[in-house]
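[1] here are the coordinates; sequence isn't available:
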């Protein structure tokens, strides 16, 4: 009798542990996805002042630098663009309560390829990035130093 109770308790504990560790809570995933989507729509539409809300404090200088590199010609190209930017979160994996990795697809975005060169319309590009949430922040924040094009992307090269 004692053995059956012990096994039942052990199985209950294991089941509870598996459920508790089985991944991020749906609310946490929804919040991370919503915050990431807010970043994507502001950043890739060159709304850098609005995008600042969605980046880590250490990313703010990178954001300011990107904004400083925009020329009048770039702005004219952006204004004349006929198709809106589309963003899609392809994968979002929360690996800890405060860290997540994402793969996102961006379509019809004006992208700066290098300093001193005009921006280019990129039909499609897939990016990898990390987002974090600290006790001090009310949102998930993008670490811009991790924003990198995926090498296997079928986008503009």
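    Happy to help now that I have it. None of these values were measured; they are calculated from a predicted model. Numbering: from 1, shown residues only.
[2] what sits against the residue nearest the centre of the chain?
    Nearest to the mean C-alpha position of the chain, counting by C-alpha atoms, centre = their mean, stands residue 36 at 4.6 Å. Going by C-beta atoms under 8 Å, 6 or more residues apart in numbering, residue 36 touches 54, 89, 92, 102, 104, 131, 140, 142. Every C-beta, even on glycine, is put in place using the N, C-alpha and C of the backbone.
[3] Just give the number of residues close to the third one.
    Applying other C-beta atoms under 10 Å, we find 18 other residues in the vicinity of residue 92.
[4] Which pLDDT value belongs to it?
    With respect to pLDDT, residue 92 scores 97.
[5] hang on, it packs against residue 102?
    Yes. In this structure residue 92 lies within contact range of residue 102 using C-beta atoms under 8 Å: 4.8 Å.
[6] Give the ranges of residues in this protein that sit below the confidence cut-off.
    Counting by pLDDT under 70, the chain contains low-confidence ranges at 1-24, 152-157.
[7] quick one, strands of the protein?
    Along the chain, the segments classed as strands by DSSP state E run 86-96, 99-111, 120-132, 141-149.
[8] I am finished for the moment; much appreciated.
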